[in-house]
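Engineer: pasting the structure only:
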């Protein structure tokens, strides 16, 4: 084997831009579609956030739209329905973070422990296929099964019981929403953790087993540390999107349980800006507020991750 | 014959209507930039008294109606099918291809069907492809299509859809073709049927860049039909009522008793699948945009401020508490039509179009019995009140990017589409091709084939592309007779609109507050909030936009009624 001496100093040759271009052009070409996609569909639309500071109308030349400073933000924060929507959003976000995120990890660990390939693939399919169902279908299935005129309710009625009001009860909507998330999304989250689990070196399990570690000790000392970077990464990303808890699920069930229980920031913007008549600037201001809060949270969470010795979403320089 | 000179909207002078400009001027953000938000302040538009409209030239009807009503509250009707005559002897040759966005409800018919090919050949060769979008979401999504100029060469919008738009007048003057120069004056030579449309229809198709400046008013839309009539009603399965020994209710109290007699929650039978949008009518809450003039208080008051509003909420809550309404009604996802056909529910809130549809279903063996509207109902001994439509159903707006020649070609098609009942053109439009989409029955009435039911019977496609010279009740003779009689009976209860002769776009805050009020009504109606909270939701509405709207509408009212 030939190789560099460990003590040998690496001499970095300075290359000109032209040399680097000549050397790296295949990589640059490969990256081009992604850069173009991001530029066209993300950065260019993001630039239009400026209309949050304008009294914008699509029918005027852009430069003729008057700047109104933070007037739309003032209107947003003064709206009595904004704070309840924000609080609902935070409530659902917390529930997703505390009650759904760990469920995906638990599912992945359970799946990882199943030895039979047949059982594993069957279980995996059952658990993650609902992810591909639309929210319309998910809500419909829940109404058909758990609704007031649904299967369970009619069965209870035949036994002399009362009708269920589970799908139209605002007091239990959080539980209903959690059941829907669990059925629809937990399986998909599981896939990512399964991929992380597959990357753990099996010899670590063997070595710990030889050292006398039982199943729980192996999980605690090998499995969880092995997927910790992925958990942290996904946690930070989840925290960054904390104000984006979904839309269709709440919009579809708004009439059934009432707006107080279901109004989140995205439905608030929809009903105010699209269905209502507040206009694009108002909706953009609300969206920008969400974005800024998300950015602050993601940076804060990343900072905490660095302090705990994790890589986070980007390498600490 | 409809004639602008006899139109009821002429009762106010042009001077008074022109005064509206001052009310609406601030609603349009055409002014120079400033730091105040102008979006959504509301606007008004006079819809009478213009001198640049198409000159009315009567287009003689090919057949006289069997039942003569008093349009618009009671349209005339045909109970027999007249031998259709050719309405347009010479059609202009057209070669263009255009795309028009229209709403549909149900299954969208294919543009490749022989029906559309026959229409194209009949009107001279111009191809009109339809972009058919879901009618349930059409109003809201049309806002985005218009903002992005992605609606093809034209778009059909019904009047009730305008409420979804912010500053719709601004959209109109910036997005749509100004038809004034093409249609001004005598157009009877090239477009005799368009010239035969009521002047009132054309006047309602005018928007202004600046409502304060009468000179900025221009003609932007091709008006749809003025259907008239009293509109929505509460329908019942009369066969089921008879079988259950329930008499036709004549008051709201009797209606409630009928609901109690019919409903059996344990066995899956309920009186209603939903009542939300018909129930205000039962309690006389028929304000224009919710507002009506109170003589005693000397001011405009909103429906929710009246004692009848609380009565209405008590009625809705009783339906829920006593299990007289389907338990899944709060989901808003019930198929009320299917439930009524199945006999699961007895009553339904409907447009009268459903009357004809149900009769067709029965003839096809797909439903049993019959439906009929309940007579106008009043509560606590009060006289019922109804509103009759005095406006066009909607408009087709053409894209401003079209050339004059293209617009003229499309108007050729619009002229053809305006042919009234009794013409061959109308028969082709309404029933399709004989032998393919319809057959004549023994009485000589056209009856849809299965193919025709799927393709032609759809309520929209090109039937509302431009208005008919005159609208009649037509179709199943028995239903037409009953519908005509209902309208004749109901016109006694029709109250005039407070703001006739003006089109109003409410301030955005009022629209948002109304949305919340509606949500809160559902909370009370479905047991999520107590009846005792009615005063609270009214106070919330007034504080969050209601009072602002009162001021706005009061200005409009004063402008129209100044001595």
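Structural biologist: Right, received. Where do you want to start? None of the values given here were measured: they were computed from a predicted structure.
Engineer: show me which residues of the stretch 151-300 of chain A are close to chain B?
Structural biologist: Proximity of the stretch 151-300 of chain A to chain B is confined to A:153, A:157, A:163, A:165, A:167-168, A:170, A:253-260, A:271-272, A:274-281 under the rule CB under 8 Å from any CB of the partner chain. For glycine as for every other residue, the C-beta is placed from the backbone atoms N, C-alpha and C.
Engineer: at 10 Å what do you get?
Structural biologist: A:153-154, A:157-158, A:160, A:163-165, A:167-171, A:252-263, A:270-282 (CB under 10 Å from any CB of the partner chain).
Engineer: point to the residue nearest the middle of chain A.
Structural biologist: Nearest to the mean C-alpha position of chain A, by CA atoms, centre = their mean, lies residue A:238 at 4.9 Å.
Engineer: and chain B, by the same measure?
Structural biologist: Nearest to the mean C-alpha position of chain B, counting by CA atoms, centre = their mean, stands residue B:393 at 4.8 Å.
Engineer: circling back to that earlier point, next one: the residue nearest to the centre of chain A from residue A:102, what distance?
Structural biologist: For residue A:238, the distance to residue A:102 (CB to CB, to the nearest Å) stands at 11 Å.
Engineer: ok, back up a step: in terms of secondary structure, what does the host helix or strand of the residue nearest to the centre of chain A contact?
Structural biologist: Using DSSP states H and E, residue A:238 maps to helix A:224-240. Under the contact criterion of 3 or more CB pairs under 10 Å, 6 or more residues apart in numbering or on different chains; DSSP states H and E, helix A:224-240 touches helix A:101-113, helix A:186-198, helix A:202-210, helix A:280-307.
Engineer: all helices for the stretch 51-200 of chain A, in order.
Structural biologist: Per DSSP state H, counting those that start in this stretch, the stretch 51-200 of chain A carries helices over the ranges A:71-78, A:82-95, A:101-113, A:117-128, A:135-146, A:151-158, A:173-184, A:186-198.
Engineer: pull the distance from the fourth one to the chain's centre.
Structural biologist: Relative to the centre of its chain, helix A:117-128 is centred 23 Å away, using CA atoms, centre = their mean, to the nearest Å.
Engineer: list the contacts of that helix.
Structural biologist: With contacts defined as CB atoms under 10 Å, 6 or more residues apart in numbering or on different chains, helix A:117-128 is touched by A:104, A:107-108, A:110-114, A:116, A:182-191, A:194.
Engineer: tell me which residues of it are tucked away?
Structural biologist: A:120, A:123, A:124, A:127, A:128 (16 or more other CB atoms under 10 Å in any protein chain shown).
Engineer: check the third one too.
Structural biologist: For helix A:101-113, a neighbour-count test (16+ other CB under 10 Å) marks A:101, A:103, A:104, A:105, A:107, A:108, A:109, A:111, A:112 as buried.
Engineer: now the third one: how far from chain B?
Structural biologist: Looking back up the chat, that one is residue A:104. Going from residue A:104 to chain B by CB to the nearest CB, to the nearest Å gives 29 Å.
Engineer: looking at it, that residue is touching residue A:184, isn't it?
Structural biologist: No - Residue A:104 is beyond contact range of residue A:184, at 11.8 Å (criterion: CB atoms under 10 Å).
Engineer: TSV for the helices and strands packed on helix A:224-240, including distance to residue A:31 and mean pLDDT?
Structural biologist: Shown next, in TSV, are the helices and strands packed on helix A:224-240 (distance: least, CB to CB, whole Å; pLDDT from 0 to 100):
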stretch	distance to residue A:31	mean pLDDT
helix A:101-113	31	89
helix A:186-198	24	88
helix A:202-210	35	90
helix A:280-307	24	88
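Engineer: list the contacts for residue 236?
Structural biologist: Here I'm looking at chain A. By CB under 10 Å, 6+ apart, the residues touching residue A:236 are A:297-305, A:310, A:312-314.
Engineer: um, chain B though
Structural biologist: Per CB under 10 Å, 6+ apart, neighbours of residue B:236: B:246, B:248-249, B:255, B:258, B:262, B:271, B:340, B:345-348, B:370-374.
Engineer: narrow the residues you listed to just the buried residues.
Structural biologist: Buried residues within the contacts of residue B:236, counting neighbours by 16+ other CB under 10 Å: B:246, B:249, B:255, B:258, B:262, B:271, B:340, B:345-348, B:370-374.
Engineer: return the subset of those residues lying in strands.
Structural biologist: Taking DSSP state E as the definition of strands, the buried ones among the contacts of residue B:236 contribute B:347, B:348, B:371, B:372, B:373.
Engineer: for residue B:184, state which of these is nearest.
Structural biologist: Relative to residue B:184, the closest of these is residue B:373; by CB to CB it sits at 42.1 Å.
Engineer: and the closest one, what pLDDT?
Structural biologist: Looking at residue B:373, its pLDDT reads 96.
Engineer: beta partners for the residue lying closest to it once chain neighbours are set aside?
Structural biologist: Of all residues not flanking residue B:373 in the chain, residue B:233 sits nearest, at 3.9 Å (CB to CB, 6 or more residues apart in numbering or on different chains). Note on residue B:233: beta-bridge partners by DSSP bridges are residue B:350.
Engineer: residue B:233: what's it in contact with?
Structural biologist: Counting by CB under 10 Å, 6+ apart, residue B:233 touches B:278, B:281, B:348-352, B:354-355, B:372-377, B:386, B:486, B:490.
Engineer: select only the buried ones of those in PyMOL?
Structural biologist: To isolate the buried subset of the contacts of residue B:233 in PyMOL, counting by 16+ other CB under 10 Å, use the following:
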select buried, chain B and resi 278+281+348+349+350+352+354+355+372+373+374+375+376+377+386+486+490
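Engineer: report the contact partners of residue 54.
Structural biologist: Going with chain A. Residue A:54 neighbours (CB under 10 Å, 6+ apart): A:60, A:62-69, A:71-72, A:280-281, A:284, B:33.
Engineer: ah, no, chain B please
Structural biologist: Residue B:54 neighbours (CB under 10 Å, 6+ apart): B:179-180, B:182-188, B:191, B:194-197, B:199, B:201-202, B:219.
Engineer: now do 7 Å
Structural biologist: By CB atoms under 7 Å, 6 or more residues apart in numbering or on different chains, residue B:54 lies in contact with B:183, B:187, B:194, B:195, B:202.
Engineer: and the next helix or strand past the helix or strand the last one falls within?
Structural biologist: What it means is residue B:202. Assigned by DSSP H and E, residue B:202 belongs to helix B:199-203. For helix B:199-203, the following helix or strand on the C-terminal side (DSSP H and E) is strand B:206-208.
Engineer: how far does that following strand sit from the chain's center?
Structural biologist: 20 Å.
Engineer: other SSEs contacting it?
Structural biologist: If contacts are counted by 3 or more CB pairs under 7 Å, 6 or more residues apart in numbering or on different chains; DSSP states H and E, strand B:206-208 sits against helix B:168-175, strand B:217-219.
Engineer: and of the ones you listed, who's closest to residue A:146?
Structural biologist: Here helix B:168-175 is closest among the helices and strands packed on strand B:206-208 (CB to CB), at 41.6 Å.
Engineer: give me the below-cutoff pLDDT ranges for the chain.
Structural biologist: Unless you meant another one, I'm taking chain A. A:1-13, A:315-317 (pLDDT under 70).
Engineer: actually chain B
Structural biologist: Within chain B, the segments meeting pLDDT under 70 span B:1-41, B:459, B:563.
Engineer: so what are the domain limits for it?
Structural biologist: Residue ranges for the domains of chain B, per automatic domain parsing: B:4-229+B:391-493, B:233-385+B:506-561.
Engineer: make CSV from those and add distance to residue A:18 to it.
Structural biologist: What follows is the domains of chain B, written out as CSV (distance: least, CB to CB, whole Å):
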stretch, distance to residue A:18
domain B:4-229+B:391-493, 43
domain B:233-385+B:506-561, 57
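Engineer: those domains: which one's closest to residue A:209?
Structural biologist: Closest among the domains of chain B, using CB to CB: domain B:233-385+B:506-561, at 53.1 Å.
Engineer: starting at the chain centroid, how far to the closest one?
Structural biologist: Centroid displacement of domain B:233-385+B:506-561 relative to its chain, using CA atoms, centre = their mean, is 18 Å.
Engineer: cool, stretch B:186-200 as well?
Structural biologist: 23 Å.
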